[in-house]
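S.K.: what's the 3D shape of this:
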Amino acid sequence: MFKKNNNKNVPEKSKHTQSQLVFVLFPDVPSKPIGPLTATNLTESSATLSWQQPAYDGGSDITGYMLEVKSPLERTWTKVGGIFQCLF
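M.R.: Take a look at the predicted model:
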């Protein structure tokens, strides 16, 4: 129940409990990008990497990627930078 208060609908105090079902959607993790991965414009300090957008975006626009590398002799991946321009 609502009553008018200064031309606004304000809930009336009630002895009864009211409930409402609410659906909340959480973005999921996107699927991996589709290859092949191509590298062009190679310099000593940069490269242009290209691939196709993933089949599933996780329910949200993809705004960037984090780039990691791993040497075959290492066990861990190292973050080397972010990719903040997606052109697909």
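
S.K.: all strands of this structure, in order?
M.R.: For the chain, the strands defined by DSSP state E occupy 2-5, 8-11, 34-40, 48-52, 65-69, 78-83.

S.K.: out of those, nearest to Asp28?
M.R.: Smallest distance to Asp28 across the strands of the chain (CB to CB): 16.4 Å, for strand 65-69. Just so you know, the C-beta spots here come from the backbone N, C-alpha and C atoms, and that holds for glycine as well.

S.K.: on that earlier part again, would you list the strands of the chain in a markdown table and tack on mean pLDDT?
M.R.: Formatted as a markdown table, the strands of the chain follow (pLDDT from 0 to 100):
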| stretch | mean pLDDT |
| --- | --- |
| strand 2-5 | 53 |
| strand 8-11 | 60 |
| strand 34-40 | 90 |
| strand 48-52 | 87 |
| strand 65-69 | 85 |
| strand 78-83 | 80 |
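
S.K.: now the ones you listed as a markdown table including distance to Pro27?
M.R.: What follows is those, written out as a markdown table (distance: least, CB to CB, whole Å):
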| stretch | distance to Pro27 |
| --- | --- |
| strand 2-5 | 34 |
| strand 8-11 | 32 |
| strand 34-40 | 20 |
| strand 48-52 | 20 |
| strand 65-69 | 15 |
| strand 78-83 | 19 |
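
S.K.: out of those strands, which gets nearest to Phe26?
M.R.: strand 65-69 (20.1 Å).
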